[in-house]
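> here is a sequence with its predicted model. Questions after.
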Amino acid sequence: MAEFQTLLADPAVVFTPGPHGFAMARVVLDEAELLTIATDPDHQAQGHATTLLAQLHQALQARTVSHIFLEVAATNLPAQALYRKLGYQQAGRRPNYYRTSTGQTVDALLLRAALTAG
Ligand SMILES: CC(C)(COP(=O)(O)OP(=O)(O)OC[C@H]1O[C@@H](n2cnc3c(N)ncnc32)[C@H](O)[C@@H]1OP(=O)(O)O)[C@@H](O)C(=O)NCCC(=O)NCCS
């Protein structure tokens, strides 16, 4: 919780709240990193994250950010589907980047999208 409050107080962090979730990115010059996006499990698959991510993109464009990147677990298919729907493409892969609670390792995919005005 303290870490979350520190992020919210950071002027480089853009926070997009929604009724059932939120998205958060950190801006460095003209690039942003998606730190997290989440929808309440009771309200998933209803379009909330799509709306949140589009709103986050708009807020980043207003700060003249031209690209956004993120890391996502290779096993997180719902999140990957969300990102690809909003124009993200794979830019790299980090083998064995995550470790699960059962000790298994999972690759991270590095995804990137251009933010174009419109
Ligand atoms: C990933 C997450 C944010 C998606 O939120 P959501 O509100 O359910 O997403 P949306 O309803 O906007 O769906 C967006 C797209 O994701 C895909 N998707 C959503 N739920 C899915 C599911 N259960 N299985 C497969 N694809 C799914 C679909 O392609 C969907 O687009 P479509 O409805 O046009 O087909 C949500 O699953 C979540 O909070 N997961 C836990 C946190 C997490 O993994 N965050 C990402 C870390 S990198």
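Noted; the coordinates are in hand. Residues are numbered from 1 along each chain as shown.
> tell me where the chain has helices.
Secondary structure of the chain (DSSP state H): helices at 2-9, 48-61, 77-85.
> and the contacts of the lowest-mean-pLDDT helix or strand in the chain?
Ranking every helix and strand in the chain by mean pLDDT, DSSP states H and E puts helix 2-9 at the bottom, with a mean of 89. Helix 2-9 has contacts (CB atoms under 8 Å, 6 or more residues apart in numbering) with 13, 15, 24, 26, 35. (Glycine included, C-beta is placed from N, CA and C.)
> before we move on, the earlier item: export the helices of the chain as TSV, with columns for distance to the ligand.
TSV is the format used below for those (distance: least, CB to the nearest ligand atom, whole Å):
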stretch	distance to the ligand
helix 2-9	15
helix 48-61	3
helix 77-85	3
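> just say which of these is most tucked in.
Among the helices of the chain, helix 48-61 has the highest mean neighbour count (mean count of other CB atoms under 10 Å), at a mean of 19.
> other SSEs contacting that one?
When contacts are defined as 3 or more CB pairs under 8 Å, 6 or more residues apart in numbering; DSSP states H and E, helix 48-61 packs onto strand 13-17, strand 21-28, strand 31-39, helix 77-85.
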